[in-house]
Every structure is written in structure tokens, then in C-alpha cells.
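1. Pasting the sequence and the predicted model now:
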Amino acid sequence: MFREGFVWGAGSSAYQIEGGAALDGRGPSIWDTLCRRPGAIHNSETGDVACDHYTRFRDDVDLMQRIGLGAYRFSVAWPRVLPLGIGRINEPGLDFYDQLVDSLLAANITPWVTLYHWDLPQGLFDRGGWLSPEIPAWFAEYTRVVVDRLSDRVTNWITINEPQIFVGLGYREGKHAPGLKLSMKEQLAAAHHVLLAHGRAVQVIRERARSTPSIGWAPVGRADYPAVETPENIEAARISSMSVHEPGFWNNTWFGDPVCLGHYPEDGVRLYGADMPRIERGDMETIFQKLDFYGVNIYSGVGVRRGADGATETVAWPAGVASTTMRWPVAPKSLYWGPRFLHERYQLPIVITENGMANPDWVAGDGRVHDPQRIDYTRAYLLELARAHADRVPVHGYFHWAALDNFEWAEGYKERFGLIHVDFATQKRTMKDSAYWYSEVIRSNGKHLSDASPFAQAAGPQVRRVAQETRQGVRGPVPVPGGRS
Ligand code: GCO
């Protein structure tokens, strides 16, 4: 169902889980700053403590091992390693990642390191942040520090997470850090610097890594798919998935084409006209570095068809469509068509670097966390990913978002994405039903997906078996809850 050696993982990012904001010399980031702005974050919540992963990481790695994760994607906090962003190195910050990597390896979990998941050092923001033409050099310096320290053990690297979102929500809509609403010209300049930073980071990793690296990135994936799979609708979806539709960044190609093809997409260049960023000699060569995989974060998608006039039309969602607590419609086909179209265009192996859902999970009276929606969602998406694999799209891995419930940016702690429930008052962790289910998926390399839904009355041997074992206190191949707080 999936290739041999398929990577089964889960993910996180530093600001969302670490906490320890003031510990061991970490510098402030733009997210610390935004969290203090009245009205910016749900309930005025912050990442100051988050999951307290900074001090509890060993326990968290134990839980990941119990799930059976083959890989764990986490990000390094730039301001923990370089408190001002450049210059002085904070050794205790680096030590933390050293220890995290060692614990993962001891648990047989392969670390996948993201270099930038949105927590820009405030000190660099004060010097211009992503608007500064110097930032590719700053990012290269930071990358060098991390690679020099971790690359004897880390081989999987992701440069930048979701440029579309941190530029779009951070510099355009003002909802994410640094909370700005800038002109299109400035937004495009920031985006150009992001692309250059990506390219410089790839160069640094290739030059300095001590073990042969595998390098990718993790943009968000816009997946428009044929609502009904006719050749005309498939073509309409392909065009729509690979177009710059309107000003802004909700597309694949504005960032994807420069990174993977070496030039900006023509439709975008036409659309932006005089707002186009200044492109210095050599810029596009710097941006266009060989990658080993195309990582992509896909949560939802939209069904389209070819309209009567030949243009692509979006098919409206039916009333009451299944959706998550983020109000993102459940659209499993996005995990077939997204990877397929991206592979067609960019000719790289695909790794799903994020997929998952927010759900109103709580610890039930029986001490467990029942999240059948997450199981059903993930199963349906993974079946579509398996279909992509069967149709020869080289899909090399899948990282569920997220390992733990965490700080969901402007939504604070109200949205729960984890396989592991976190009680933020006590920091108690509880593996959700989905975590047990996922461990079976991993163990069977996906074969478990063809069993009917594990929570269904008629076909729920898995959950029933786990429940039985729990009652009898038997430790089967599937880890059972209890005994951990
Ligand atoms: C993202 C983010 C995650 C979010 C997740 C759910 O890359 O958007 O990487 O940090 O928590 O996507 O919104």
C-alpha cells in the first residue's frame, strides 16, 4: 500500500510546544511580541509555557516511541540558538537540540529538522526582518550554526515552513507575527527574501553537512481537485492548482516555481506588474537549488470543474459539509491530487510534512480521549495518499500534524491538533484513540487502513482489543494507556 521504507511521522514546531521562553538564554521572537499585543491572540494566550516540551522532551519522546513513530519533525527556535538572530551563540539552546536529537535516535525515531517555523528573532525584526535584503545572509549564518552542531546525526532538513502563511498572514493580513499589513510591493520583497534565504540555507547544508543530507522545504499545498474525475475537470483542477489566482499567496507556484524551476510564474509576474520584487543578478540561481524532496502541508482542498465557458469553477460545498473545528472542510481527495499535481510539475518525491485536523478533544470519564473524527479523517486522507502511490506518485513519507496538542498561533490553545492530548493546566499527557490507531497504521505500513474504521460497531476489533487489554492490564503490541502522567 505504501513503499517499503515509507516514513511515518508526526510533527511540531518550536514556538508551539517548547515553552521555556525565558529559560537558558533564549532571546525573544516576533511571536513573543505579537502575543503581548492586546486582541492579537485568542484569550491573550502565549507560547511562554505551551507544552513545556523544553523541560519534558524526554517524556514526550517516550510517548512518540510508544506510538511507534518512525520520524519526528520539529523546528529549531532561531532565537534559542542565536538570541539576537546573529552573532552570539547560546550554547544551552544548542544543547537542548543536541539532547532532543540524541533521545530521538535512542528511541529509533529519525529526526527531521525544520530550520524556520515562524519564530524570527525579535532582534532581526528590529533590523528589518524579512524586508531586509540582509536576511538571506542572517539565515545562512543561523543555518551554519545548526548544521555544524547537528548534522553528524541529522540528515533530513526542511528549510522553511509555509512561506505562504507567514508572509500572507504576517505581512499582508496582520493576523500572524509580526502583525503587519504592508503594500503588495513590500510583501513581494519579503517573499523574495524568503526565497533567497531558502536557497542560501540549502547551499550551507550541502557545503557543511557531515552526513549526506536530504533537503526539502514545507510550503502549504493548495490542492484544487476535480469534484468529479473527468478528463476536463482534471485539467481544470491542474490549471487551477498551479495558477496565481489573485494578489496574495494562496497558491503553490509563486514560491514553488522559483524554488523548483528557477523562475517566477508568468501569470504572477503579469498580475504583479510594477510591484514585482527587485531581482538582482544571481538571485534566481541562488533560489533554484537542487532539492531531494518536495515537502508539503495539506489539510483541505476544494473541488473544481470545467465550466461551460471553459474556465475553472469552484464547486460549492454542500450545506453542513463535514469540517474540523478550524472550519476547514474535510477533503481527502486533496491528498491524492495535491501530491500528484505537485509531482507532475516539480518532478520531486513528495513528503507530506503536515496533515491533520483540529477537534474538540477532552479526557472522557473513562480516562481516555475518544477522537473518532480524527481517525476517520486521517484514514480517509491516507487512503487517498495510498491511491497516489498506487498511481506512481513517489510519496516518501507522511507526518501527522501534530504529535501533541499545542499553541495554534492566533487561535491560542483552543484548537487541538495532537495525537497526544495535553492538559495545559497540569501538563498531563494522554494518548488519544487516534494515537493507538495510528500506531497500528505504522506497524502495518498502512495495511491497517483497509480494515473498516476501527471505531465502527461492526468492524472495531482494534479499539475493542485495546480496550480489552487495557481492562486486563495486558501490554500487547499496541501500547495501552495508563501509568503516565
Ligand atoms: C502550519 C503550521 C502549523 C499549524 C498547522 C495547523 O505549518 O500551518 O505549520 O504550525 O499549527 O498547520 O494550522
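-> The structure has been received and is ready for your questions.
2. Quick check: which ranges of this structure have low pLDDT?
-> 452-485 (pLDDT under 70).
3. Quick check: residues of it near the ligand?
-> Contact residues, the chain versus the ligand (Cβ under 6 Å from any ligand atom): Ser13, Gln16, Asn161, Glu162, Ile165, Asn297, Glu354, Trp401, Glu408, Phe417. Quick note: C-beta positions are derived from backbone N, CA and C, even for glycine.
4. Just these: which are in strands?
-> Of the residues of the chain next to the ligand, the ones assigned to strands by DSSP state E are Asn161, Asn297, Glu354, Trp401.
5. What segments of the stretch 301-450 of the chain are strands?
-> Residue ranges of the strands in the stretch 301-450 of the chain, as given by DSSP state E, counting those that start in this stretch, are 302-306, 312-314, 350-355, 395-401, 420-423, 428-431.
6. With mean neighbour count added, can I get those in a markdown table?
-> Putting these into a markdown table (neighbours: other Cβ atoms under 10 Å) gives the following:
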| stretch | mean neighbour count |
| --- | --- |
| strand 302-306 | 20 |
| strand 312-314 | 16 |
| strand 350-355 | 27 |
| strand 395-401 | 25 |
| strand 420-423 | 20 |
| strand 428-431 | 20 |
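7. Just give the closest residue to the closest residue to the ligand within the stretch 51-200 of the chain, not the sequence neighbours.
-> Nearest residue of the stretch 51-200 of the chain to the ligand (Cβ to the nearest ligand atom) works out as Glu162 at 4.3 Å. With sequence-adjacent residues excluded and distances taken as Cβ to Cβ, 6 or more residues apart in numbering, Glu162 is closest to Val220, at 4.6 Å.
8. The one you found contacts Ile165, correct?
-> Yes: assessed by Cβ atoms under 8 Å, Val220 is found in contact with Ile165 at 5.8 Å.
9. neighbour-wise, which of those two wins?
-> Val220 (22 against 19; other Cβ atoms under 10 Å).
10. mind listing what that one touches?
-> Glu162, Gln164, Ile165, Val296, Asn297, Ile298 (Cβ atoms under 8 Å, 6 or more residues apart in numbering).
11. And these, which of them are buried?
-> Glu162, Gln164, Ile165, Val296, Asn297, Ile298 (16 or more other Cβ atoms under 10 Å).
12. Let me have these in a markdown table, extended by distance to Gly174.
-> Below are the buried ones among the contacts of Val220 laid out as a markdown table (distance: Cβ to Cβ, whole Å):
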| residue | distance to Gly174 |
| --- | --- |
| Glu162 | 17 |
| Gln164 | 15 |
| Ile165 | 13 |
| Val296 | 26 |
| Asn297 | 22 |
| Ile298 | 25 |
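13. residues near the nearest residue to Arg443 once chain neighbours are set aside, how many?
-> Nearest residue to Arg443 in three dimensions, chain neighbours excluded: Gly68, at 5.9 Å (Cβ to Cβ, 6+ apart). A count of nearby residues for Gly68, using other Cβ under 10 Å, gives 19.
14. And Gly68, how far from Leu335?
-> Distance, Gly68 to Leu335, using Cβ to Cβ, to the nearest Å: 21 Å.
15. and if you look at Gly307?
-> Distance from Gly307 to Leu335, by Cβ to Cβ: 25 Å.
16. Using JSON lines, lay out the residues of the chain next to the ligand together with distance to Asp391.
-> JSON lines is the format used below for the residues of the chain next to the ligand (distance: Cβ to Cβ, whole Å):
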{"residue": "Ser13", "distance to Asp391": "31"}
{"residue": "Gln16", "distance to Asp391": "34"}
{"residue": "Asn161", "distance to Asp391": "28"}
{"residue": "Glu162", "distance to Asp391": "26"}
{"residue": "Ile165", "distance to Asp391": "29"}
{"residue": "Asn297", "distance to Asp391": "21"}
{"residue": "Glu354", "distance to Asp391": "22"}
{"residue": "Trp401", "distance to Asp391": "24"}
{"residue": "Glu408", "distance to Asp391": "33"}
{"residue": "Phe417", "distance to Asp391": "29"}
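17. So Tyr53 is in contact with Leu404, correct?
-> For the record, residue 53 is His, not Tyr. Yes: applying Cβ under 8 Å, one finds His53 in contact with Leu404, separated by 7.3 Å.
18. Residues in contact with both of these two, list them for me.
-> Common neighbours of His53 and Leu404 (Cβ under 8 Å, 6+ apart) are Ser12, Ile17, Asp60.
19. Could you work out the end-to-end span of stretch 147-161 for me?
-> 17 Å (Cα to Cα, to the nearest Å).
20. quick thing: my sequence starts at 825, can you match it?
-> Happy to do that; since the first residue is 825 now, the last one works out to stretch 971-985.
21. rewinding a little: could I get the strands of the stretch 1125-1274 of the chain as CSV with distance to Glu869?
-> Compiled in CSV, the strands of the stretch 1125-1274 of the chain are given as follows (distance: least, Cβ to Cβ, whole Å):
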stretch, distance to Glu869
strand 1126-1130, 30
strand 1136-1138, 34
strand 1174-1179, 21
strand 1219-1225, 19
strand 1244-1247, 13
strand 1252-1255, 18
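22. Quick one: closest of those to Phe963.
-> strand 1174-1179 (18.9 Å; Cβ to Cβ).
23. Neighbouring strands of that closest one in the sheet, and parallel or not?
-> Next to strand 1174-1179 in the sheet, as set by DSSP bridges, lie strand 1118-1121 (parallel), strand 1219-1225 (parallel).
24. can you map out the helices along the stretch 825-974 of the chain?
-> Here the stretch 825-974 of the chain has its helices, by DSSP state H, counting those that start in this stretch, at 838-841, 854-859, 877-891, 902-905, 915-930, 946-949, 959-974.
25. correction: the stretch 1175-1309 of the chain
-> 1196-1214, 1257-1267, 1285-1296.
26. same deal with the stretch 975-1124 of the chain?
-> Counting by DSSP H, counting those that start in this stretch, the helices of the stretch 975-1124 of the chain are 987-991, 1008-1032, 1055-1065, 1077-1085, 1090-1096, 1107-1111.
27. Quick one, which of those gets closest to Gly829.
-> Per Cβ to Cβ, nearest to Gly829 of the helices of the stretch 975-1124 of the chain: helix 1008-1032, 21.9 Å.
28. one step back: now tabulate the helices of the stretch 1175-1309 of the chain in CSV and tack on mean neighbour count and distance to Gly829.
-> What follows is the helices of the stretch 1175-1309 of the chain, written out as CSV (neighbours: other Cβ atoms under 10 Å; distance: least, Cβ to Cβ, whole Å):
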stretch, mean neighbour count, distance to Gly829
helix 1196-1214, 21, 12
helix 1257-1267, 24, 13
helix 1285-1296, 16, 24
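29. OK, contacts around the residue in the stretch 1025-1174 of the chain positioned nearest to the ligand?
-> Nearest to the ligand in the stretch 1025-1174 of the chain, going by Cβ to the nearest ligand atom, is Asn1121, at a distance of 5.2 Å. Contacts for Asn1121 (Cβ under 8 Å, 6+ apart) come out as Asn985, Glu986, Ala1042, Pro1043, Val1044, Gly1045, Ile1176, Thr1177, Glu1178, Asn1179, Trp1225.
30. what's the distance between the nearest residue to it once chain neighbours are set aside and Glu986?
-> Setting aside the residues directly before and after it, Asn1121 is nearest to Glu1178 in space (Cβ to Cβ, 6+ apart), at 3.6 Å. Per Cβ to Cβ, Glu1178 is found 8 Å from Glu986.
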